[in-house]
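*Asks:* sequence plus predicted model, see below.
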Amino acid sequence: MWQWHATDKKSCVLERIIGAQHSLSPVLFALAIDWVMRTALTGLDVGQQWTEFSRLSDLDYADDIVLLETSRDRMQQLTDTVETEGKKIGL
């Protein structure tokens with residue numbers, strides 16, 4: 001059973017696709033979280049030094065995310081950026 005809450009037909013279609021009863025919901029959520037994290041981390045120098053040229057800034061498993069940082073100020077910057085990017089898509 002689908003419920004139509006919006007007047008905009010495009011948002012109604014999206015609501016139907018990602019409804020809680022739909023089997024694609026977890027996949028779409030994982031894609032949304034992945035996009036948020038990639039967007040939020042682009043250009044930020046945050047996380048643990050992993051190799052000579054890369055940093056490990058987050059660990060993801062299913063719908064759980066762990067943010068990694070050694071500095072309190074940079075952790076705040078990281079969480080603020082993730083929050084801002086998540087709000088852009090309604091998370």
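*Replies:* Alright, I've got the coordinates.
*Asks:* what sits against Ala32?
*Replies:* 89, 91 (Cβ atoms under 8 Å, 6 or more residues apart in numbering). In this view, the C-beta of every residue, glycine as well, is placed from N, C-alpha and C.
*Asks:* how close does it sit to Lys88?
*Replies:* 10 Å (Cβ to Cβ, to the nearest Å).
*Asks:* burial of Thr81, as a residue count?
*Replies:* Using other Cβ atoms under 10 Å, Thr81 is surrounded by 19 other residues.
*Asks:* roughly how far apart are it and Leu67?
*Replies:* 10 Å.
*Asks:* show me where the protein has strands.
*Replies:* Under the criterion DSSP state E, strands of the chain are mapped to 48-51, 54-56, 58-61, 64-67.
*Asks:* contacts for the last one?
*Replies:* Contacts to strand 64-67, defined as Cβ under 8 Å, 6+ apart, come from residues 33, 37, 57-60, 75, 78-79, 82.
*Asks:* strand partners (parallel or antiparallel) of it?
*Replies:* strand 58-61 (antiparallel) (DSSP bridges).
*Asks:* list the buried residues of the strand it pairs with.
*Replies:* Buried residues in strand 58-61, counted by 16 or more other Cβ atoms under 10 Å: Asp58.
*Asks:* how about it as CSV, C-alpha atoms only?
*Replies:* Extracted C-alpha coordinates of strand 58-61, given in CSV (Å, rounded to 0.1, in the frame of the first residue of the first chain):
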residue,chain,number,x,y,z
ASP,A,58,35.7,6.6,8.3
LEU,A,59,34.7,3.0,8.7
ASP,A,60,31.4,1.9,7.3
TYR,A,61,29.4,-1.3,8.0
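*Asks:* give me the contacts around that strand.
*Replies:* Against strand 58-61 from outside (Cβ under 8 Å, 6+ apart): 33-34, 37, 41, 47, 65-68.
*Asks:* quick one: Ala62 from Thr51, how far?
*Replies:* Counting by Cβ to Cβ, the gap from Ala62 to Thr51 is 26 Å.
*Asks:* my error: substitute Gly86 in the last question.
*Replies:* Gly86 is 28 Å from Thr51, by Cβ to Cβ.
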